[in-house]
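Q: Give me coordinates for this.
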Amino acid sequence: MTARERHSALIEAMVADGTLTDPGLIEAFRAVPRHSFIPDTGASTVRGTTLDATGNPERWLAAVYADNAIITRVDEGGVPRQRGDEATPRTPEAEAATSSSSAPTVLAQLLGLAELADGLRALEIGTGTGWNTALLAHRLGDGSVDSMEIDPRVAENARQALSEEGRSPRIVVADGYAGRPESAPYDRITSTCGVRTLPPSWLEQIRPDGLIVCPWGALEGAGVLARFECPGDGTAHGTFHGGVGFVPLRVPGPQAPPVHDSGQQPDEYRLTQEDPIAPLMSFPSAFALSVMVPDWRVRRRWIGTGSGVWINDRTDESWVRVYPYGTSWMIEQGGPRSIWDEFEEALATWTELAEPPPDRFGISVGDDGTHRTWLDSPEGRSWPVTPATGR
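A: Below is the predicted model:
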């Protein structure tokens, strides 16, 4: 199949399955081919397969028109992350990604949730390859779209690709956390960078009754698309839609230490016959844990007896180590918090609530900037959200 044929097949499949329903967005996706924004060399799949349009054009084209993220830039030391990607196993390449082309269905869902319409102005956080920027510009017009990219090289590549497609939205090289106050207010703010709490600047720069759409989550592998309605008084009401992995937005403050097994001796050991890792690897339960248990991170670890996990809080003081032990599982924990006990209590609560899926949860932002997630309604059971202080 040619690039044109693959592009057409992808878009028509998204129309047929209901992913794309808005006529204006359908027209934009049909008009803007993804392959124009993927570099011929230097990109890779989230599973680490190198893509080369010259050496293996069929593999390159098949990857471009698969419904997956494509990594276009990885961390070379010190480049802040500012792009999202789809929910996939976290390979070393995906862990280090600083720029990617998000999966087509993820972009379609994000732009659909934004309810784009003629006459609206949009701010995009994270230009990346420029494909999403081009879709926004086609739908709203070049003069109605500002896009922010923190990496100058990524921004220049996107600007060139956009120009070759005949598009000229404003590309600004700056940190998206601060937004763009000199051009505010905006009717829509969209981002493929994940957030735990909305940056105050976004709430200040959104027009009354505007929408903010972005990935939300306290755990990189268990995020959702969030749609925030913003009445204009500094508050916001967010609903969750579908699962998505993400790379977090850079936030002020020190960078959190890497998630790693520090080799500490535990304060407590316990054995269990039931697989304790399964709830952490299943999206619905992992999402529930990320909502109900504050301030924790997880990473798979490999030891001689098999695959386990290491969990720690952001201070690196409290931790859990889980690994196979014969026909059982060993759970070790230490530090001032008993994180595994908190997990067990949260999972029991989730089970008692009939295991609600992520789209039954939501989030509210108060006029004092505090964030709370809730189940079914803001008046229902709720949990405070601890702000991110770095990555």
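
Q: Next up, phi/psi of the closest residue to Ala178 other than its chain neighbours, please.
A: Closest residue to Ala178 apart from its sequence neighbours, by Cβ to Cβ, 6 or more residues apart in numbering: Ser201 at 5.2 Å. (C-beta placed from N, C-alpha, C; glycine too.) Dihedral angles of Ser201 (phi, psi; degrees, to the nearest 10) stand at phi -60, psi -40.

Q: Contacts only, for Ser201.
A: By Cβ atoms under 8 Å, 6 or more residues apart in numbering, the residues touching Ser201 are Tyr177, Ala178, Gly179, Pro181.

Q: again, 10 Å this time
A: Asp175, Gly176, Tyr177, Ala178, Gly179, Arg180, Pro181, Ala184, Ile189 (Cβ atoms under 10 Å, 6 or more residues apart in numbering).

Q: Export these as TSV, with columns for distance to Cys214 and pLDDT.
A: Formatted as TSV, the entries for these read as follows, by distance: Cβ to Cβ, whole Å; pLDDT from 0 to 100:
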residue	distance to Cys214	pLDDT
Asp175	15	94
Gly176	10	95
Tyr177	12	95
Ala178	15	96
Gly179	12	97
Arg180	16	97
Pro181	18	97
Ala184	17	97
Ile189	8	98
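
Q: of these, buried ones?
A: Among those, those classed as buried by neighbour count (16 or more other Cβ atoms under 10 Å) are Asp175, Gly176, Tyr177, Gly179, Arg180, Ala184, Ile189.

Q: Tell me which two of those sit farthest apart.
A: Put simply, by Cβ to Cβ the two of the buried ones among the contacts of Ser201 set farthest apart are Asp175 and Ala184, 15.4 Å from each other.

Q: isn't Ile311 right up against Phe343?
A: Yes - contact criterion Cβ atoms under 10 Å: Ile311 and Phe343 qualify, at 8.4 Å.

Q: Going by residue numbers, what spans are strands in the stretch 101-250 of the chain?
A: When assigned using DSSP state E, counting those that start in this stretch, the strands of the stretch 101-250 of the chain occupy the ranges 122-125, 145-149, 170-173, 186-191, 206-216, 223-230, 236-244.

Q: average pLDDT across the first one?
A: Read it as strand 122-125. For strand 122-125, the mean per-residue pLDDT is 98.

Q: Quick check: which ranges of the chain have low pLDDT?
A: Within the chain, the segments meeting pLDDT under 70 span 74-98, 245-247, 250-257, 389-391.

Q: what's the most distant pair in the contacts of Ser201?
A: Across these, the two members that end up farthest from each other (Cβ to Cβ) are Asp175 and Ala184, 15.4 Å apart.

Q: Can you report how many residues neighbour Ser183?
A: Here the neighbour count serves as a burial measure; for Ser183 (other Cβ atoms under 10 Å) it reads 13.

Q: got the contact list for it?
A: With Cβ under 10 Å, 6+ apart as the criterion, the residues that contact Ser183 are Arg121, Leu123, Asp146, Arg170, Val172, Gln205.

Q: Please name the nearest non-neighbouring residue to the fourth one.
A: Pointing back at Arg170 there. Counting by Cβ to Cβ, 6+ apart, Arg170 lies nearest to Asp146, which is 4.8 Å off, once chain neighbours are set aside.

Q: so which strand or helix has Pro336?
A: Applying DSSP states H and E as the criterion places Pro336 outside every helix and strand.

Q: Ser307 and Trp329 touch, don't they?
A: No - in terms of Cβ under 10 Å, Ser307 does not count as a neighbour of Trp329; the distance is 11.0 Å.

Q: what touches both of the two?
A: Common neighbours of Ser307 and Trp329, using Cβ under 10 Å, 6+ apart, are Ile277, Val322, Tyr323.

Q: quick one: which of those residues is most hemmed in?
A: For those, the largest neighbour count, defined by other Cβ under 10 Å, is 23 neighbours, found at Val322.

Q: how would you label that one: helix, strand or coil?
A: Reducing the assignment at Val322 to three states with DSSP: H, G, I helix; E, B strand; the rest coil gives strand.

Q: before we move on, what about Glu274?
A: At Glu274, secondary structure determined by three-state DSSP is coil.

Q: how near is the residue nearest to it when sequence neighbours are not counted to Tyr269?
A: Sequence neighbours aside, Trp329 is the residue nearest to Glu274 in space, at 7.6 Å (criterion: Cβ to Cβ, 6+ apart). Taking Cβ to Cβ, to the nearest Å as the criterion, Trp329 is separated from Tyr269 by 11 Å.

Q: do the same with Trp310
A: Using Cβ to Cβ, Trp310 is found at 16 Å from Tyr269.

Q: do the same with Val213
A: Here the distance between Val213 and Tyr269 works out to 45 Å (Cβ to Cβ).

Q: Out of these two, name the residue with the larger neighbour count.
A: A count of neighbours by other Cβ under 10 Å puts Val213 above the other of Val213 and Tyr269, at 24 against 11.

Q: Across the sheet, point out what pairs with the more buried one.
A: Beta bridges link Val213 to Thr190, Arg227, judged by DSSP bridges.

Q: Quickly list what's touching both of Ile311 and Phe343.
A: Leu280, Val293, Trp296, Val320, Gln333.

Q: Among these, which one has the most neighbours?
A: The most crowded member of the shared contacts of Ile311 and Phe343 is Val320, carrying 27 neighbours; neighbours defined as other Cβ under 10 Å.
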